[in-house]
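Visitor: sequence unavailable; structure follows:
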C-alpha cells in the first residue's frame, strides 16, 4: 500500500471508529445508565467499555499489527510502529449527567527509533453531531469543512478555557492565576475535550489544563496542530507518550504562537 493509500485508509478507519463509538454512546445517553467507580474513583459506564471494545475490534481487523492503548482496556502491542490511543468517552461525568459535551478521542501515533510522533487525531462529539479530524498529511476539518484557528496577538485579547481547576496543585493554581489575570476572559466550562476543538475552529484562544493522561491528549495534538494551533506542556515542550508523568499532564493549547509564548512565560514565572 502506498503512503497516500495508507493515510486514506487510516482516515477512513478513524471515521468508522467515531461512527461506531458514537452510536454506542448515544444508545446509553440520558437513559439512567449504571455507573461504576474505577480504582482512581473516576466513573465508568457500559458505554465507555463497549465503545472502546468495538473500536479495538475494528482496528484489529483493519491493521492487526498495530498497537492499541485504551483508557478502559489497557495496552496491546504497545511497542508497535503504529499505535492507536483511545478514549471512548472523554467527559464521563458530563455523559452520566445528560450534558452533551462529552466526546470520543481517537489518536494514531507513529513510533520509530527516535520516539513517537502524533500523526492523526479525531475529536468526536456524537450528541452534538460535531467532528474534528486532522493529520495524516491533511489539514484539520470540522464536519468535513476546513477548521482554522483565529489570530490573537496578545493575552489581553484572549479567552482562556478549562474544564475546572480541580486537578491543579497549589503551584499550578498560582501559575494559572497569573495566566488568567493577564487574559481578557477566563471560562470554567465543564467542557472536557470540547474547548480544545473550540481552539481548533477559532472560537476561542487558549485551553489550559493539568492532570491529563495520555488518552486525554494524544488525539488533540494532530487536530490542533493541523488547524494552526500550538499545543505543548506548560513549559513549551512537545507532548510525548510520557507527558502525563514527566509534566503532570500539563497541556497548553493556543491558537496563536505569540499568545502561546506569552502564556508559557507566565506559567513558568516565579512568584
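Guide: Noted; the coordinates are in hand. For clarity, every value in this text was computed on a predicted model and none was experimentally measured. Numbering: from 1, shown residues only.
Visitor: can you pull out the helices in the stretch 1-150 of the chain?
Guide: 3-28, 46-62, 92-96 (DSSP state H, counting those that start in this stretch).
Visitor: tell me which of these sits most buried.
Guide: helix 92-96 (a mean of 21; mean count of other Cβ atoms under 10 Å). C-betas here are computed from N, CA, C, even on glycine.
Visitor: now do that one: everything it contacts.
Guide: 25, 29, 33, 35, 42-45, 47-48, 89, 100-102, 190, 192 (Cβ atoms under 8 Å, 6 or more residues apart in numbering).
Visitor: coming back round to it: tabulate the helices of the stretch 1-150 of the chain in JSON lines, adding columns for distance to residue 180.
Guide: Formatted as JSON lines, those follow (distance: least, Cβ to Cβ, whole Å):
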{"stretch": "helix 3-28", "distance to residue 180": "32"}
{"stretch": "helix 46-62", "distance to residue 180": "31"}
{"stretch": "helix 92-96", "distance to residue 180": "22"}
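Visitor: how far away is residue 220 from residue 132?
Guide: 10 Å (Cβ to Cβ, to the nearest Å).
Visitor: overlap of the contact sets of those two?
Guide: What both residue 220 and residue 132 touch, as defined by Cβ under 8 Å, 6+ apart, is the set residue 123.
Visitor: just to revisit the earlier point, what about burial for the contacts of helix 92-96, which qualify?
Guide: 25, 29, 44, 45, 47, 48, 89, 100, 101, 102, 190, 192 (16 or more other Cβ atoms under 10 Å).
Visitor: what is the nearest of these to residue 238?
Guide: residue 192 (22.5 Å; Cβ to Cβ).
Visitor: so the closest one is in which element?
Guide: Applying DSSP states H and E as the criterion places residue 192 outside every helix and strand.
Visitor: so how many other residues sit close to residue 166?
Guide: 9 (other Cβ atoms under 10 Å).
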